[in-house]
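J.: Sequence and predicted structure are below.
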Amino acid sequence: MLKKGSKLNSILTGSCPKCQKESMYSDKNPLHLTKVLKMNDHCSHCGLKYQIEPSFFYGAMYVSYGLNVAVGITAFIISFVFFQATIETSFIAIVISLIVLFPFVLRLSRNLYINMFVSYDPTAGQQ
């Protein structure tokens, strides 16, 4: 499932979508909030430039919106349906879950977005 060469591997690990040999981010920990968006300029193995064009990752905002909607709906269902919370408490659960999961959703949206445009190449980076 998470074998090298699968899109899911690159998306969940944040590795280069072309060669999957190194992380796209300069700091792998998304909880370091000051460095959550710091990316390497290019892959040191295959040379893929991550910023494919100027403002490339603006499109990831749309992916992030969809992921945040999914997180909000999930938080509502869990709090309202399973825990029988009030609407107000469910709203608080949605806000808290969005705040806590913000750095993960941010990185996941970038990973998803770049993987829409770049495919795995097993021969990338080989001399």
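T.: Here it is on my side, so go on. A quick note: this is a predicted structure, and the numbers were derived from the prediction, not measured.
J.: can you list the weak-confidence ranges in this structure?
T.: 1, 125, 127 (pLDDT under 70).
J.: which residue is nearest the centroid of the chain?
T.: Leu108 (0.9 Å; CA atoms, centre = their mean).
J.: which SSE is that residue in?
T.: Take DSSP states H and E as the rule and Leu108 turns out to sit in helix 87-117.
J.: still on that earlier bit, the residue nearest to the centre of the chain contacts Leu67, correct?
T.: Yes. Contact criterion CB atoms under 8 Å: Leu108 and Leu67 qualify, at 6.3 Å. In this view, the C-beta of every residue, glycine as well, is placed from N, C-alpha and C.
J.: those helices in the chain, which residues are they?
T.: Taking DSSP state H as the test, the helices found in the chain are 7-13, 60-76, 87-117.
J.: Run through the residues that contact Ser44.
T.: Ser44 makes contact with Glu22 under the criterion CB atoms under 8 Å, 6 or more residues apart in numbering.
J.: To clarify, my last question referred to Phe57.
T.: Neighbours of Phe57 in contact, by CB under 8 Å, 6+ apart: 51, 110, 113-114.
J.: Can you flag the buried ones in those?
T.: Buried members of the contacts of Phe57, scored by 16 or more other CB atoms under 10 Å, are 110, 113-114.
J.: In TSV, list the residues you listed along with distance to Leu37.
T.: Formatted as TSV, these follow (distance: CB to CB, whole Å):
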residue	distance to Leu37
Arg110	8
Tyr113	13
Ile114	13
